[in-house]
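Enquirer: A structural model of the following input is requested.
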Amino acid sequence: MTATMIAIRKYAVRLVIVVTSFFVISCNEVTKNAKDTGGLEHVVQDRERPNDRKEHTNDSLVVPTDRNARLPVHETCQEPYGDMEVGFTTVCFWWNADLETAYARFRTKNSDNDDGRFLERRLPKTATHIVAGSYPLEIRYARMSTDSLLIDLFFPGGETQIIFEKKTNGVEVRTLHAPD
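Expert: Down below sits the predicted model:
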């Protein structure tokens, strides 16, 4: 065998070990949480776990509505980046979720701030334009495709764009906070 083939084989073995470990940890987490809740998997159990890479994970055990229905939906976010002149961007990924699940989780998670407080309770199925009367705010929902959604929030002093995009293993949510 050549050195290249040996290196490829070592890489493949490492990849199998990592994937297997992730699967075992995920299965153990589902089993543990199901036991903790008396088998009621629809009970949401959230916990924040910061890690070394300045990302945080919010694991929740629920029954999602997509094809990965037995896998727990959880979120991984990067630290916001940007500056005051251009704006700040946050990228999160909702693993094992479809657009509706990611939207509902995002809205619930951000119900204390302006990113989620003014969003519609249910994800609109068509393009929607809302002008909030009690707060000077305009909201536009636009489906860019069947797998992506753009939400524009126009505030006095700035604009927030929230982009939901379905990927293979979940939904990427990109939040852009831009000043006027």
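Enquirer: verify the stated contact: Glu138 with Val131.
Expert: Yes. The criterion here is Cβ atoms under 8 Å, and Glu138 meets it with Val131 at 5.3 Å. C-beta coordinates here come from the backbone N, C-alpha and C atoms, glycine included.
Enquirer: the two: which has the busier surroundings?
Expert: Neighbours were counted for Glu138 and for Val131 using other Cβ atoms under 10 Å; Glu138 has more, 14 against 11.
Enquirer: bridging residues for the more buried one?
Expert: Val131, Phe154 (DSSP bridges).
Enquirer: so it versus Leu123, what's the distance?
Expert: 18 Å (Cβ to Cβ, to the nearest Å).
Enquirer: Gly116 now?
Expert: With Cβ to Cβ as the criterion, Gly116 and Leu123 are 12 Å apart.
Enquirer: cool, Thr108 as well?
Expert: 13 Å.
Enquirer: who has more neighbours, the two?
Expert: Leu123 (19 against 14).
Enquirer: if I pick that one, what's in contact with it?
Expert: Leu99, Glu100, Tyr103, Ala104, Tyr141, Leu149 (Cβ atoms under 8 Å, 6 or more residues apart in numbering).
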